[in-house]
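1. Sequence first, predicted coordinates after that:
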Amino acid sequence: MNSATPLVRKALILAPGQGRLYSMGRMRAIFVADTAETDSRYSVSEWWLEPNTKGPGSHAHPEDHVFYVLEGTVSIAIDGEWSHAFRGSYALIPGGTPHYFENHGSARCGFISLNVPGGFELKLPGIVEWFAANPLGDADSPA
């Protein structure tokens with residue numbers, strides 16, 4: 001394919017629960033659109049944490065995140081400052097910003113993550129492997 005040939009992507013409709021599942025013990029991710037479907041422009045995933053579950057720890061990556069909370073309350077630390085995002089909340093985390101999320105509540109929580117550009121999902125097999133060796137524990141006390 002050359003630059004004069006437009007890329008043709010296919011429309012995609014997934015039923016609930018479809019996608020690529022990455023289980024990390026008390027946390028799981030389901031990628032519903034990523035590199036192959038979006039030409040690496042973005043990825044879309046659901047993230048679910050069981051009640052009182054510690055998250056992945058503080059980290060940063062070049063991709064922007066937009067979180068939309070589907071269920072429960074996601075506690076998010078951005079640059080070390082905690083906020084509590086309830087159902088219907090959005091969070092914008094620019095690429096390179098240290099962030100962390102966990103579930104301080106007694107019910108599961110879930111959010112959609114839009115990553116721009118795509119490619120973050122390529123790291124998931126290694127992340128799953130890391131969590132298999134380093135299981136998530138209970139969440140810290142709410143900040």
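-> That came in fine, so what should we check first? Small disclaimer: the values here were computed from a predicted structure and weren't measured.
2. where are the low-confidence patches of the protein?
-> Applying pLDDT under 70 to the chain flags residues 1-7, 141-143.
3. where along it do the strands fall?
-> Ranges of strands in the chain, per DSSP state E, are 20-24, 27-33, 43-49, 64-71, 73-78, 81-86, 90-93, 99-102, 109-116.
4. Just list the residues touching residue 63, thanks.
-> For residue 63, the contact set (Cβ atoms under 8 Å, 6 or more residues apart in numbering) comprises 95, 115, 116, 117, 118, 119, 120. Every residue, glycine included, has its C-beta placed from N, CA and C.
5. Neighbour count and distance to residue 102 added to those residues, as a markdown table?
-> Conversion of the contacts of residue 63 to a markdown table gives the following (neighbours: other Cβ atoms under 10 Å; distance: Cβ to Cβ, whole Å):
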| residue | neighbour count | distance to residue 102 |
| --- | --- | --- |
| 95 | 13 | 21 |
| 115 | 23 | 19 |
| 116 | 15 | 23 |
| 117 | 16 | 26 |
| 118 | 22 | 25 |
| 119 | 18 | 24 |
| 120 | 22 | 19 |
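6. could you redo those residues as TSV and give each row distance to residue 17?
-> TSV is the format used below for the contacts of residue 63 (distance: Cβ to Cβ, whole Å):
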residue	distance to residue 17
95	29
115	20
116	24
117	26
118	21
119	24
120	21
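7. among the residues you listed, which two are most distant?
-> Largest separation among the contacts of residue 63 by Cβ to Cβ: 95 and 118, giving 12.5 Å.
8. Can you tell me the closest non-neighbouring residue to residue 131?
-> Among residues not flanking residue 131 along the chain, residue 24 sits closest, at 3.9 Å (Cβ to Cβ, 6 or more residues apart in numbering).
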